[in-house]
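> A predicted structure for the sequence below; I have some questions about it.
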Amino acid sequence: MTKGSKKYLEAYQKVDRDRDYSPREALELVKEVSYTSFDGTVELHVRTGLNPRRADEHIRGMIKLPKGLGKEVRVVVFAAGEGEQEARDAGADYIINTDEGFQKIMDGWTDFDVTIAVPQMMSKVGRLGRFLGPRGLMPSPKTGTVVPPEDLGEAVEEAKAGRVEYRLDRSGNIHCPIGKVSFPVDDLMENLATVMDTLRRARPAGVNKNAYVRRVTIAPTMGPGIRMERFEALAMEPGNIATTA
């Protein structure tokens, strides 16, 4: 028997556990079963057939959501000199290039969502790995968050606009926000299509496409998960999204 609060149980009863919903049906339902008093986030959870212990199957990257995330993204930039000014002009929330700034993070400050660094700062940023790494905040060339000074402005603007990271976790799952519950369904569909198309293209060459995506679930910040039809790619147009087995 499912246990939980009265609100959760009411929401849970609206979901057919024996059914895989189409993407549009799932997104319409996720808005209905979200029961927070605030504007919750819609999360995509993908169960894959990848082995996280194999380096050649450990996928990771960044995705720019066409409809954004619907929230303020706080960006820290590790840069000095010309790059520092470019980051400020692009809207970076914090610039760190002093020992005091590094110490603040080592003391536990992580009141930000994205970090971006220039290569010249990585020797110093490296010592923050055990503080930022577990939170998914460590700058990395693989995610486009280590960039030359002349590209800092563009990187900051993309992060502020709603660029999100995806990565395979230790259980072979990928979790990614695709917007807010208040978003129109068409906007959530477009963000979902972008994420799934990116994941399709990120499939390691040695992994069979039929074993790559095993289960796809959509869930609000607070509310039950909704299982969607198994698929690997979505058409980009929000009014013409189809699934493939």
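That came through, no problem.
> Going by C-alpha atoms from here, please, whenever you check contacts or count neighbours.
Will do.
> wait, isn't Arg74 in contact with Ile116?
No: using Cα atoms under 8 Å, Arg74 makes no contact with Ile116, being 11.1 Å away.
> Neighbour count: those two, which is higher?
Using other Cα atoms under 10 Å as the criterion, Arg74 and Ile116 rank with Ile116 on top: 27 against 17.
> Give the helix, strand or coil label for the more buried one.
Assigned state for Ile116: strand (three-state reduction, DSSP: H, G, I helix; E, B strand; the rest coil).
> hang on, it packs against Glu84?
No: at 11.3 Å, Ile116 does not count as touching Glu84 under the criterion of Cα under 8 Å.
> overlap in contacts of the two?
By Cα atoms under 8 Å, 6 or more residues apart in numbering, Ile116 and Glu84 have these common neighbours: 77-78.
> what about Val28, distance to Pro224?
Just to correct that, residue 28 is Glu rather than Val. Distance of Glu28 to Pro224, given as Cα to Cα, to the nearest Å: 13 Å.
> Comparing the two, which shows the higher neighbour count?
The residue with more neighbours, out of Glu28 and Pro224, is Pro224; 22 against 16, by other Cα under 10 Å.
> For the closest residue to Ser182 other than its chain neighbours, grab phi and psi.
Leaving aside its sequence neighbours, Ser182 sits nearest to Asp39 (Cα to Cα, 6 or more residues apart in numbering; 6.4 Å). Backbone geometry at Asp39, expressed as degrees, to the nearest 10, gives phi -80, psi 100.
> ok, how many other residues are close to Asp39?
For Asp39, using other Cα under 10 Å, the count is 16.
> who's in contact with it?
The contact partners of Asp39, by Cα under 8 Å, 6+ apart, come to 180-182.
> Show me those that map onto strands.
Members of those lying in strands (criterion: DSSP state E): Lys180.
> which of the contacts of Asp39 tops the neighbour count?
The most crowded member of the contacts of Asp39, judged by other Cα under 10 Å, is Val181 (26 neighbours).
> what are the ranges of the helices in this structure?
Under the criterion DSSP state H, the chain contains helices at 6-12, 23-33, 82-90, 99-106, 122-125, 129-132, 152-162, 185-201, 209-212.
> Output those helices in a markdown table; the columns should cover mean pLDDT and distance to Asn173.
Below are these laid out as a markdown table (pLDDT from 0 to 100; distance: least, Cα to Cα, whole Å):
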| stretch | mean pLDDT | distance to Asn173 |
| --- | --- | --- |
| helix 6-12 | 83 | 23 |
| helix 23-33 | 94 | 19 |
| helix 82-90 | 89 | 33 |
| helix 99-106 | 95 | 28 |
| helix 122-125 | 94 | 28 |
| helix 129-132 | 92 | 21 |
| helix 152-162 | 88 | 21 |
| helix 185-201 | 92 | 12 |
| helix 209-212 | 84 | 11 |
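> what would these look like in CSV with distance to Arg47?
Below are the helices of the chain laid out as CSV (distance: least, Cα to Cα, whole Å):
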stretch, distance to Arg47
helix 6-12, 21
helix 23-33, 16
helix 82-90, 36
helix 99-106, 33
helix 122-125, 32
helix 129-132, 25
helix 152-162, 23
helix 185-201, 12
helix 209-212, 9
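> how about those, which one is nearest His175?
His175 lies closest to helix 185-201 among those, at 10.5 Å (Cα to Cα).
> elements contacting the closest one?
helix 23-33, strand 60-64, strand 173-180 (3 or more Cα pairs under 8 Å, 6 or more residues apart in numbering; DSSP states H and E).
> ok now do Val147, which residues does it touch?
Each residue near Val147 by Cα under 8 Å, 6+ apart is listed here: 116-119, 141, 155.
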